[in-house]
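Engineer: From the sequence below, what's the structure:
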Amino acid sequence: TKVHEEAIRTFARSAETRENRREGRGLPLLLDKGNPFALPLKFLIWARFNEAKTIRFGGHRRRRRRRRTWRSGRVGWPQDVMAKTSSRTNMGPLAGILLVTALLSGPASAFYLPGLAPVNYCRQSEMQKSCKSEVVLYVNRLNTEESVIPYEFHHFDFCPIDEANSPVENLGQVVFGERIRPGPYKIEFLKPKTCEKACTKYYTGGDPDSDRRLMILKKGMSLNYQHHWIVDNMPVTWCYPLDNDRQYCSTGFPMGCLVRRHPDGDEGCMVNPSYNKAGYYYPFNHVDLTITYHSGATEEWGVAFKQNGGRIISVKVVPSSINHKNPDQPDCASKDPIEIPSSALPNGQKMN
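Structural biologist: Below is the predicted model of the structure:
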C-alpha cells in the first residue's frame, strides 16, 4: 500500500543518516534508490511490525517513533556475514529467497516422527535389545460430547493406576488436554489371557464415601463419557455394527450406559441390546482386547526372533458388563450384567 511504501522510504532515509553517523558500525543498508522494497528481510519485517504503532491516521499528525539501531551482538545477522554484502546492491529479496530455500531443502531419508518408530515385540523367552515383551496399555482423560469438561482416569472409581511412571507429554498433548497414564492391565506379547482380574471395587448403601464414588460413576455414564486408550502409539478402537449392515469404528468407547425412559420406547445400550432395563445404569467393567500384529518370520527386521515376535498393527476393544457372583473367582462367560438403580443404594446393601 502507499502508506506501507511511505513508511519504508521514511525509515530508509533515517537509517541511512544514522549509518553515516555510526561510520559503518551498524547494519549496512541494502537500499536501491530505484527500488524502495530492496531492503533486507529484517527491515521489512520490522517496518511491518511497527506499522500500526508508528503511523497515525485521521486528524492526528503522523509521527515516527524512534527505533533502536541494529548493532552487532544483537539478535539478527552476524556483522561479519553482513560485511560481505554491498551497501548499494539489490540483493535483499534474493537473500530472502535463498534463506527460505535453505530451510526447505535438506535430507529427508533419515527423518521419522519422534515416538512413532516401529517397535518390535517378542515373547518373554526371546526378549533382547531388538525387541521387548511388555505391551504397555495407556489410558487417557475421558471426555464427552455432552459436556466441555474432561476428567482424568482417576476421577472415576476405576482400578488404581501408577501415575509415577506416566510418559512425558509434548507441548501439543498438554495444550489439548491429554493426560496419558499407564493403565491397570498387564499384557505380554503372544501370551493370551482369559478372564484376568484387574481389581475389585466394593460399595455399601448409606456409606458416604461409597455413595460419592457411585454418584460420580453414574454421572459419567449418564453423560456418556468415553475412554481413550493407547497401545504402541496407536489408539485402541471400538467397532460396532450399524443398522445398514455396516461397521463403525471409534477411537473411544463408553464407560457405561444409562437406559432412559422415552414415550415412544425405552432407549437401550448400543453395546448390547440386552441391557434394556429402564432407569438402570450398566457399567462396563469387562473388556476384551484383540491385538493384531505383523509377524517377523519372513521380514528382515525379524531375523532375531522369527515367528516369536512381530509389530503391532491394531488393537480393538469390546466392552461389556458382567456381574461376577464371586469376585475371587470371576466368570467371564456369564451373561448377567451389573445393574445399578438410579436411586441410591438402600442402607446396608452391598455391591461389588
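Engineer: what's around residue 210, how many residues?
Structural biologist: 19 (other C-beta atoms under 10 Å). For glycine as for every other residue, the C-beta is placed from the backbone atoms N, C-alpha and C.
Engineer: And residue 143, by the same measure?
Structural biologist: When neighbours are defined as other C-beta under 10 Å, residue 143 has 19 of them.
Engineer: again with residue 189
Structural biologist: So residue 189, with other C-beta under 10 Å, has 23 neighbours.
Engineer: Kindly provide the distance from it to residue 226.
Structural biologist: Distance of residue 189 to residue 226, given as C-beta to C-beta, to the nearest Å: 27 Å.
Engineer: Helices of the stretch 101-250 of the chain, start to end?
Structural biologist: 171-175, 208-222 (DSSP state H, counting those that start in this stretch).
Engineer: Point out the most buried one among these.
Structural biologist: helix 208-222 (a mean of 16; mean count of other C-beta atoms under 10 Å).
Engineer: And for that helix, what's in contact with it?
Structural biologist: 142, 151, 155-157, 201-205, 254-258, 281-283, 340, 342, 344-345 (C-beta atoms under 8 Å, 6 or more residues apart in numbering).
Engineer: Can you flag the buried ones in these?
Structural biologist: 142, 151, 156-157, 201, 203-204, 254-258, 281-283, 340, 345 (16 or more other C-beta atoms under 10 Å).
Engineer: Where does residue 287 fall, secondary structure wise?
Structural biologist: strand 286-295 (DSSP states H and E).
Engineer: Quick one, which of the helices of the stretch 101-250 of the chain gets closest to residue 308.
Structural biologist: The closest of the helices of the stretch 101-250 of the chain to residue 308 is helix 171-175. By C-beta to C-beta, the value is 33.5 Å.
Engineer: shaky segments in the stretch 201-350 of the chain?
Structural biologist: Low-confidence segments of the stretch 201-350 of the chain (pLDDT under 70): 262-266.
Engineer: Strands of that one, start to end?
Structural biologist: Per DSSP state E, counting those that start in this stretch, the stretch 201-350 of the chain carries strands over the ranges 203-204, 226-227, 229-231, 234-235, 238-241, 247-250, 253-254, 256-258, 280-283, 286-295, 309-320, 340-341, 350-351.
Engineer: For the ones you listed, give me a markdown table that also has distance to residue 166.
Structural biologist: Shown next, in a markdown table, are the strands of the stretch 201-350 of the chain (distance: least, C-beta to C-beta, whole Å):
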| stretch | distance to residue 166 |
| --- | --- |
| strand 203-204 | 28 |
| strand 226-227 | 17 |
| strand 229-231 | 12 |
| strand 234-235 | 18 |
| strand 238-241 | 24 |
| strand 247-250 | 24 |
| strand 253-254 | 22 |
| strand 256-258 | 25 |
| strand 280-283 | 25 |
| strand 286-295 | 21 |
| strand 309-320 | 20 |
| strand 340-341 | 30 |
| strand 350-351 | 31 |
